[in-house]
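J.: What shape does this take:
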Amino acid sequence: FYFDHDIPKPSNASNPNPEKDYLSDLSDYKGRLGDYLDRNPTEDEKDAVSNFFENYINTIENNTTKLVEKIKTALDNNATVNIEMFGSASAPASESYNKTLSERRLNSVKEYFFTLLDKEKYADRLTISYNPQGENAKVYTPDGGGPYECTKDFATRDEEIYSTTAMACRRVRIKVQEKE
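T.: As a prediction, this is how the structure comes out:
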């Protein structure tokens, strides 16, 4: 799950609750492709951004639905499922802000996930844990580069926000383990 750049607001500095639901945030992010292309001047950078949007941002809903269906099938077959969610952020804001931002992203994805998965139905065999990492995460870019630290020093403010490395830092990762 990927997120658009979050402009730090004092009102959000310690608020781990999302302002909007994940699908609204995702829709806004998709609508900003032009901004990202404009701020990546070389053709290689533009190709990387287009690839990121096409192969990662635009496929999230479909991939999430497939993942939830696999989880439901496992649970319906009496398996135990453990889901771990890891939230991260790019580095433009303070470390404490980014930690809270990771929590907001985790909460947003959690709520989206639960609209697709009946947590109460499977409560006895479903465990979900959360790990807000802020900018203290290592990520790989969609082109296979990395691992990069989200605290990487960027040459410009635009690179810090609009590069595919920064884009890869603004996400929630989900790890699913099934036990028979």
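J.: Just give me how far the helix or strand hosting Val49 sits from the chain centre.
T.: Under the criterion of DSSP states H and E, Val49 resides in helix 43-52. Centroid displacement of helix 43-52 relative to its chain, using C-alpha atoms, centre = their mean, to the nearest Å, is 19 Å.
J.: Quick one: name whatever helix or strand follows the host helix or strand of Leu67.
T.: Element membership for Leu67, per DSSP H and E: helix 60-76. Proceeding N to C from helix 60-76, the next assigned helix or strand is strand 80-88, under DSSP H and E.
J.: in its sheet, what does that next one sit against?
T.: Here strand 80-88 is paired, per DSSP bridges, with strand 126-134 (parallel), strand 171-179 (antiparallel).
J.: between the first one and helix 60-76, how many degrees?
T.: It refers to strand 126-134. If you take axes from the mean of the first three to the mean of the last three C-alpha atoms, to 10 degrees, strand 126-134 sits at 140 degrees to helix 60-76.
J.: Now do the helix or strand just after strand 126-134: which elements does it pack against?
T.: Using DSSP H and E, the helix or strand that follows strand 126-134 in sequence is strand 138-139. Applying 3 or more C-beta pairs under 8 Å, 6 or more residues apart in numbering; DSSP states H and E, one finds that strand 138-139 contacts strand 148-149, helix 164-169. All C-beta spots, glycine's among them, are computed from the backbone N, C-alpha and C.
J.: The first one - which strands sit beside it in the sheet, and in what orientation?
T.: Yep, that's strand 148-149 we're talking about. strand 138-139 (antiparallel).
J.: I figured Ser129 hits Met85, correct?
T.: Yes. Applying C-beta atoms under 8 Å, one finds Ser129 in contact with Met85, separated by 7.2 Å.
J.: Now do the SS call for Ser102.
T.: helix (DSSP: H, G, I helix; E, B strand; the rest coil).
J.: Is it in contact with Gly87, as I believe?
T.: Yes. In this structure, Ser102 is within contact of Gly87 by C-beta under 8 Å, at 3.5 Å.
J.: who touches both of those two?
T.: Common neighbours of Ser102 and Gly87, using C-beta atoms under 8 Å, 6 or more residues apart in numbering, are 132-134.
J.: Check the burial of Pro41 by counting its neighbours.
T.: For Pro41, the count of nearby residues is 10 (other C-beta atoms under 10 Å).
J.: Now do it against Thr65, distance only.
T.: Per C-beta to C-beta, to the nearest Å, Pro41 is found 36 Å from Thr65.
J.: for Asp38, phi and psi?
T.: phi -60, psi -30 (degrees, to the nearest 10).
J.: low-scoring stretches of the chain, by residue?
T.: 7-12, 141-144, 152 (pLDDT under 70).
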